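In: need a 3D model of the following:
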Amino acid sequence: MAVSAGSPRPAAATFPPIPLHRRLYGFGSIYGKTIRDSRLAFIIAAGLLGGMALVMGVAISSVFPSPESRLEVDKLIGSMPASMVNLFGKPEKLGTLGGYMSWKYGAVFALGTALWSILALSSTLAGEARRGSLDFVAAAPFGKRRIALEKLAAHLTMLGLAIAILAIATTVSSNLFGDAALGDPIPPLSSVGFALWVGFIALFFGGLAFALAPLLGRSGAAGVAGLFMIVLWVANGLDVLGPVAALSPFRWTADHIALVGEYDWAGLALVGIVAVVFLAIGVEQFMRRDLGVTAGLSLPGLPADVLGVRGPISRAFGEQLPRALSWGIGLAIMGALLASLVGPMADQIASSPDLLRMFSTIFPDFDLASAGGFLQLYAQLFFIAAGFAGATFVSKWASDETDGRLEMVLATPTARARWVIAGGISAILAVVVMTVLFSAGIGLGAASGGLSATDPMLGSAALGLYAVAIVGIGFAVGGLWRTSLAAEVAALVVVATYLIDLIAPPLNLPDWVHQLALTAHLGQPMIGAWDPVGIGLCLLLAVGGVLLGAWGMSRRDLTD
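Out: Residues are numbered from 1 along each chain as shown. Predicted structure coming up:
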């Protein structure tokens, strides 16, 4: 039917405005959707940062409780090679919680947070462009600059919240567990200064990855930024490579040791300015290039045999394998570095009767001259990492439903219960891969110092048991309730378990409270002391959780 020229045009369709809380949750806003997609990464990052800050307060008060023991720390550091000492930073006021935390763990905080920022900012645009999902966003009435800025703002929000938690946890921990007479309490300004240093270092290297991602793609940008991060850290610490070391943000902020009250705001500001420049370059590069068109620099592809073409388990394991390798290699590097320090440290302790007597008094149950005894001191951090790894394996399995692929999977001759069980088996196999790599790293590190590592290599299986228990909890939540919350609940269980195990003994809470922590039932595996109850409980949670998830999945509808 023809419409006359004078006829009124039909009214445009109108839609009610989306409430603010729904926009923040991820509906109607690129910013909110990006924050929603980053929930698991934020829980992991905030849990690690806040948890490690709490560990420092407990550790310094229990390991070095007297002024004499604090002085011995300075003597021990003074006897170590200068290159090993300076790699971590300037050793200032090591007899205090702030000085000990800055020197021994400052680089760990900064490098770990920077790695999160690199992975997030290299993939927030390039990753979606590669998958094709960004084409739908770009087809909406949003400019490319707005897309980039909203996604960048989301990461800055999550990073800001994470470092705020770090600052709060640092001050709370130092005042709750530290000794005021020994100078342990850390004022809020020092905690904020330290947290800002961690955040600016993260943004420096994350911004570099963000600037490179439109050119090199997600994997290429992450690889180049990660390599620069390690090179600049080592060049500054070992004072090598001349001009390269001068470009290191660690060099620019060498005098900013906020936890002992020494500040260099100008150096910190320089790092922040360069980070902002990198981020601005990334936005402009995204504006000027076609979506998904990169130079093609990426990591080597996986062999065809593990790409997942031989059934549900093979498909699921093929998708889990990259994450398993990433977590395994990361833990292996950490284990190798720590195990490699045992030999030189054992020689130094043995050469000094005073140091030998001090460590025998402080650590009566640990032989710090053995790889297992030394690694057992770091067992809590290993368990946190392994638990979060299990949560990411749950997240990958859950993405089948949350990303809308499950409808196609179930259109094949695959029952819902079989999909859950196949996913559970693949996640457990991913834990096995991660654990084997971690064990190999410990063996290589200990061998470099001429030590035996049989007990800690076998003890690394405890991390795998804990990780599969977390996997079981996540699968139970995903099958019975919602897969969109499975990984987050699993990660929260890791944080809750860690905090209970950490805080209950020093606060003299009832024993039943401490027993709620799963890690309290795993013994001291790095020195060969196993707890059969913990082993059985982990296996029960793993197998029972997957089976319970399969039963629940067969009885509920798919979620949107």
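In: buried sites along stretch 516-527?
Out: For stretch 516-527, the neighbour count (16 or more other Cβ atoms under 10 Å) marks Ala517, Leu518, Thr519, Ala520, His521, Leu522, Gly523, Gln524, Pro525, Met526, Ile527 as buried. (Each C-beta comes from the backbone N, C-alpha and C, glycine too.)
In: the second one against Gly536, yeah?
Out: It refers to Leu518. No. Using Cβ atoms under 8 Å, Leu518 is not in contact with Gly536; the gap is 11.8 Å.
In: what's around Leu499, how many residues?
Out: 15 (other Cβ atoms under 10 Å).
In: show the contacting residues for Arg145.
Out: Listed by Cβ atoms under 8 Å, 6 or more residues apart in numbering, the contact partners of Arg145 are Val283, Phe286, Met287.
In: run the last query once more with 7 Å
Out: Val283, Met287 (Cβ atoms under 7 Å, 6 or more residues apart in numbering).
In: can you pull out the helices in the stretch 151-300 of the chain?
Out: Remark: helices assigned in the stretch 151-300 of the chain by DSSP state H, counting those that start in this stretch are 188-238, 243-246, 249-252, 265-288.
In: need the ones you listed in JSON lines (columns: distance to Val436, mean neighbour count and mean pLDDT).
Out: Output for the helices of the stretch 151-300 of the chain, formatted as JSON lines (distance: least, Cβ to Cβ, whole Å; neighbours: other Cβ atoms under 10 Å; pLDDT from 0 to 100):
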{"stretch": "helix 188-238", "distance to Val436": "23", "mean neighbour count": "23", "mean pLDDT": "84"}
{"stretch": "helix 243-246", "distance to Val436": "35", "mean neighbour count": "13", "mean pLDDT": "80"}
{"stretch": "helix 249-252", "distance to Val436": "33", "mean neighbour count": "22", "mean pLDDT": "90"}
{"stretch": "helix 265-288", "distance to Val436": "37", "mean neighbour count": "17", "mean pLDDT": "89"}
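In: which stretch among these comes nearest Gly544?
Out: Relative to Gly544, the nearest member of those by Cβ to Cβ is helix 188-238, separated by 36.9 Å.
In: return the distance of that closest one from the chain's centre.
Out: Put simply, helix 188-238 sits 15 Å off its chain's centre (Cα atoms, centre = their mean, to the nearest Å).
In: ditto for stretch 250-266
Out: On Cα atoms, centre = their mean, the centre of stretch 250-266 falls 25 Å from the chain's centre.
In: let's have the chain start at 55 instead
Out: Okay, using 55 as the starting number, the last item reads as stretch 304-320.
In: endpoints of it, how far apart?
Out: 13 Å (Cα to Cα, to the nearest Å).
In: what of stretch 579-587?
Out: End-to-end for stretch 579-587, by Cα to Cα: 13 Å.
In: neighbouring contacts of that stretch?
Out: Gly426, Gly427, Leu429, Gln430, Ala433, Asp509, Pro510, Gly513, Ala516, His575, Leu576, Gly577.
In: give me the subset of the residues you listed lying in helices.
Out: In helices, defined here by DSSP state H, the members of those are Gly426, Gly427, Leu429, Gln430, Ala433, Asp509, Pro510, Gly513, Ala516.
In: any idea which of the contacts of stretch 579-587 is closest to Ser83?
Out: For the contacts of stretch 579-587, the nearest to Ser83 is Ala433 (42.0 Å; Cβ to Cβ).
In: how near is that closest one to Ala263?
Out: Look at Ala433 and Ala263: by Cβ to Cβ, to the nearest Å, they are 32 Å apart.
In: now His209
Out: 11 Å.
In: residues shared between the contacts of the two?
Out: Common neighbours of His209 and Ala263 (Cβ under 7 Å, 6+ apart) are Leu175.
In: okay if I get the helices of the stretch 205-354 of the chain as JSON lines plus distance to Ala168?
Out: Listed next are these as JSON lines, based on distance: least, Cβ to Cβ, whole Å:
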{"stretch": "helix 242-292", "distance to Ala168": "4"}
{"stretch": "helix 297-300", "distance to Ala168": "17"}
{"stretch": "helix 303-306", "distance to Ala168": "10"}
{"stretch": "helix 319-342", "distance to Ala168": "11"}
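In: list just the one of these that sits closest to Ser171.
Out: helix 242-292 (2.9 Å).
In: that closest one packs against which elements?
Out: Judged by 3 or more Cβ pairs under 7 Å, 6 or more residues apart in numbering; DSSP states H and E, the packing partners of helix 242-292 are helix 151-177, helix 180-185, helix 198-231, helix 297-300, helix 303-306, helix 319-342.
In: closest one to Ala276 among those helices?
Out: So among the helices and strands packed on helix 242-292, helix 151-177 is nearest, using Cβ to Cβ, at 4.1 Å.
In: what angle do that closest one and helix 198-231 make?
Out: Interaxial angle, helix 151-177 versus helix 198-231 (axes from the mean of the first three to the mean of the last three Cα atoms, to 10 degrees): 160 degrees.
In: where's the dip in pLDDT among the buried residues of stretch 570-581?
Out: Ranked by pLDDT, these bottom out at Ile581 (82).
In: list the contacts of stretch 539-558.
Out: Applying Cβ under 7 Å, 6+ apart, the contact partners of stretch 539-558 are 93-94, 97-98, 101, 105, 108-109, 112, 434, 438, 441-442, 444-446, 448-449, 452, 524, 527-529, 531-532, 567-568, 570-574.
In: cool, stretch 165-177 as well?
Out: Contacts for stretch 165-177 (Cβ under 7 Å, 6+ apart): 95, 99, 102-103, 209, 213, 252, 255-257, 259-261, 263-264, 267, 272, 275-276, 279-280, 283, 287.
In: one more time with 6 Å
Out: With Cβ atoms under 6 Å, 6 or more residues apart in numbering as the test, stretch 165-177 has contacts from 99, 209, 252, 255-256, 259-260, 263-264, 267, 272, 275-276, 279-280, 283.
In: widest-spaced pair of these?
Out: Largest pairwise distance in those, by Cβ to Cβ, is 23.9 Å, between Val252 and Arg272.
In: which of the contacts of stretch 579-587 tops the neighbour count?
Out: Pro510 (31 neighbours).
In: list the contacts of that one.
Out: Counted by Cβ under 6 Å, 6+ apart, Pro510 has contacts Ala425, Gly426, Leu429, Ile496, Met580.
In: cool, and Val337?
Out: Ala202.
In: what's the weakest-modelled helix or strand in the chain?
Out: helix 187-193 (a mean of 48; mean pLDDT, DSSP states H and E).
In: how much space between Pro239 and Met110?
Out: Pro239 is 13 Å from Met110, by Cβ to Cβ.
In: nope, Ser176 is what I was after
Out: Remark: distance between Ser176 and Met110 (Cβ to Cβ) = 30 Å.
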